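K.L.:
Give me a 3D structure for the following:
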Amino acid sequence: MQQSDAPPPRQRDRRAPRLFVSQSLATGETPVETVTLEKQQSHYLSHVLRLGVGARVLLFNGMDGEWSARIVEAARGAVTLAPDDQTRPQVLGPDLHYLFAPLKHARLDYMVQKAVEMGVSRLAPVITERTEARRVNLDRMHANAVEAAEQCELLSIPDIATEERLAPALERLEPGRTLIFCDEDAPSANPLTALSGLPPGQPLAVLIGPEGGFSDAERALIGRRPHVTRISLGPRILRADTAAVAALAVIQATLGDWGARSP
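P.N.:
Numbers count the residues shown, from 1 in each chain. Now for the predicted structure:
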């Protein structure tokens, strides 16, 4: 691999607030001159944290890595920052899609936050025959994903798909992507055994159903898809939000990036 002559990144200040922004932060290795925050973020820095000109903030946008920036203007409800040093380069996370039956309110918030912390690259709400919550607030999901990424020092947030029925959601998956189906009737009670035959680093999708489980027709539909691995999550029936954490932890530990250090 070709080495870069660029200077080493600035030492990160873990006490500095981190914000996800939609604007570009750099062109190549050159930072943009300024970034003006949206109203809510400006209010947070100025009135909640009471930061003024010269204060340091960490910015990331999912494309340009993480940058240290200083506040250069805070007036009329808008905060403007000037990025100057890249503290971490952008790295690719796991190619891990998470398909789930939506939950209600606070439990969905929790599940989204934990899935983001676990490193999923795409959140896909799936409507099944026994799904109770049929409407999904995508803006709220996005806000929860951003909050989790900011607090947990992630460099990007996952794509968030519009909710759709199970059949088209399965068809949308690439043929070569392995689907890990969390199934209480899986032939092996040990999920580590079930996952041991899969090569690490491949594109994955995880499917967790509603509290009432999948219907027989839905189970047959899932079983007809190629590259399906069924795993059990132990001897107890887990609530859907708990199952998300358990499944993603097992998958990241065996097939994901838990064994690798990010630069």
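K.L.:
for the helix or strand hosting Met111, what is the average pLDDT?
P.N.:
Assigned by DSSP states H and E, Met111 belongs to helix 105-117. Helix 105-117 shows a mean pLDDT of 93.
K.L.:
Output the next helix or strand after it in PDB with nothing but the alpha carbons.
P.N.:
The first helix or strand that comes after helix 105-117 along the chain, using DSSP H and E, is strand 122-127. Provided in PDB are the C-alpha atoms of strand 122-127 (Å, rounded to 0.1, in the frame of the first residue of the first chain):
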ATOM      1  CA  ARG A 122     -28.400  -0.100   6.500                       C
ATOM      2  CA  LEU A 123     -31.600  -0.100   8.600                       C
ATOM      3  CA  ALA A 124     -34.600  -1.600   6.700                       C
ATOM      4  CA  PRO A 125     -38.000  -1.700   8.400                       C
ATOM      5  CA  VAL A 126     -40.000  -4.800   7.200                       C
ATOM      6  CA  ILE A 127     -43.700  -5.100   7.500                       C
END
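K.L.:
In strand 122-127, which of the residues would be classed as buried?
P.N.:
Under the neighbour-count criterion of 16 or more other Cβ atoms under 10 Å, strand 122-127 has Leu123, Ala124, Pro125, Val126, Ile127 buried. The way it works is simple: take the backbone N, C-alpha and C, and place the C-beta from them, glycine included.
K.L.:
Contacts only, for the fourth one.
P.N.:
With contacts defined as Cβ atoms under 8 Å, 6 or more residues apart in numbering, Val126 is in contact with Leu99, Phe100, Ala101, Pro102, Glu163, Glu164, Arg165, Leu166, Ala169, Leu207.
K.L.:
and with 6 Å instead?
P.N.:
Going by Cβ atoms under 6 Å, 6 or more residues apart in numbering, Val126 touches Leu99, Ala101, Leu166, Ala169.
K.L.:
Averaging pLDDT per element, find the lowest-scoring helix or strand in the protein.
P.N.:
Across the helices and strands of the chain, mean pLDDT, DSSP states H and E gives its lowest value to helix 191-195, namely a mean of 87.
K.L.:
who does that helix touch, helix- and strand-wise?
P.N.:
Applying 3 or more Cβ pairs under 6 Å, 6 or more residues apart in numbering; DSSP states H and E, we find helix 191-195 packed against no helix or strand.
K.L.:
Can I get the buried residues of strand 122-127 in CSV including distance to Asp159?
P.N.:
Converted to CSV, the buried residues of strand 122-127 look like this (distance: Cβ to Cβ, whole Å):
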residue, distance to Asp159
Leu123, 7
Ala124, 9
Pro125, 12
Val126, 15
Ile127, 18
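K.L.:
List just the nearest of those to Phe20.
P.N.:
Set against Phe20, the nearest of those by Cβ to Cβ is Leu123 (15.4 Å).
K.L.:
middle-most residue in the protein, spatially?
P.N.:
Val116 (3.1 Å; Cα atoms, centre = their mean).
K.L.:
Quick check: it vs Glu29, distance?
P.N.:
Separation of Val116 from Glu29 (Cβ to Cβ, to the nearest Å): 28 Å.
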